[in-house]
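Asks: next comes the sequence, and after it the predicted model I'd like to discuss.
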Amino acid sequence: MMKLSDNEIRTNILEVAKLMYDKGMANALEGNVSCRDNDRIYITPSGICKGRLKSEMIIVVDMSGKQIEGNYAPSSELKMHLECYRLRQDVRAVIHAHPPYTTAYAIANKPITTKAYPEMIVVFDKVPIAEYGTPSTDEIHAGFSGIINNYDVFLLANHGIISVSPDVFDAYFRLEAVESTAKVLTIVNQLGGEQPLPPVKIEQLYEISKKYKLERKARFK
């Protein structure tokens, strides 16, 4: 991927943060966004509404978490972001949010799965759930290693959701897609439950999914 300038990285973070707030992916006190540029991690500040951020509010830290730029405190979930970057060298963006339907699944400790929604099967297969860890502590990422190598989007038990990607907009769009899926499946359950597709049709969708994932991976090389 083409290397971005300092200004481009900040601008992208601001745009995604505003999308999160405007689209209800995070309320005024929640959510955080970061981008990696080599050993520099750009991250949103703590305690400021994501819809009202300015470029100079973005914090820069190194991979140890030491602050090297910015006058605000970094997000309290910085440790969680750093662990994602340590575990996946291809990841260049991390988004953590609390969208209502997705977070409901997380609080219920239920992964998002379906045998009836073709788009969900093709794009995500499932959205697993990492074990609970106290927010802002080292516990928060204790369950990441068994999940993040196989999934770009996953739930945090009793907490929210994480989306990782080589691109911050891709990470956001996948976050929004999962929230939409969680909403649909919640409504389906209220209507009496899903009608599963025949196994042969599900296998066909998994074959389509393999092609989709290869094509997506190629876009970020």
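Replies: Received, thanks. Numbers count the residues shown, from 1 in each chain.
Asks: what about the residue nearest to Leu82 when sequence neighbours are not counted, distance to Asp39?
Replies: The shortest distance from Leu82 to any non-neighbouring residue, by C-beta to C-beta, 6 or more residues apart in numbering, is to Gly65 (5.9 Å). No exception for glycine: its C-beta is placed from N, CA and C like everyone else's. When C-beta to C-beta, to the nearest Å is the yardstick, Gly65 and Asp39 sit 12 Å from each other.
Asks: same check on Asp6?
Replies: For Asp6, the distance to Asp39 (C-beta to C-beta) stands at 14 Å.
Asks: more neighbours, the two?
Replies: Using other C-beta atoms under 10 Å, the more surrounded residue of Asp6 and Asp39 is Asp6, with 14 against 11.
Asks: quick one, phi/psi of that one?
Replies: According to degrees, to the nearest 10, the main-chain angles of Asp6 amount to phi -60, psi -50.
Asks: pLDDT wise, what is it at?
Replies: pLDDT for Asp6: 96.
Asks: tell me the contacts of it?
Replies: By C-beta atoms under 8 Å, 6 or more residues apart in numbering, Asp6 lies in contact with Asp37.
Asks: switch the cut-off to 10 Å
Replies: Counting by C-beta atoms under 10 Å, 6 or more residues apart in numbering, Asp6 touches 37, 40, 42, 55, 58, 60, 69.
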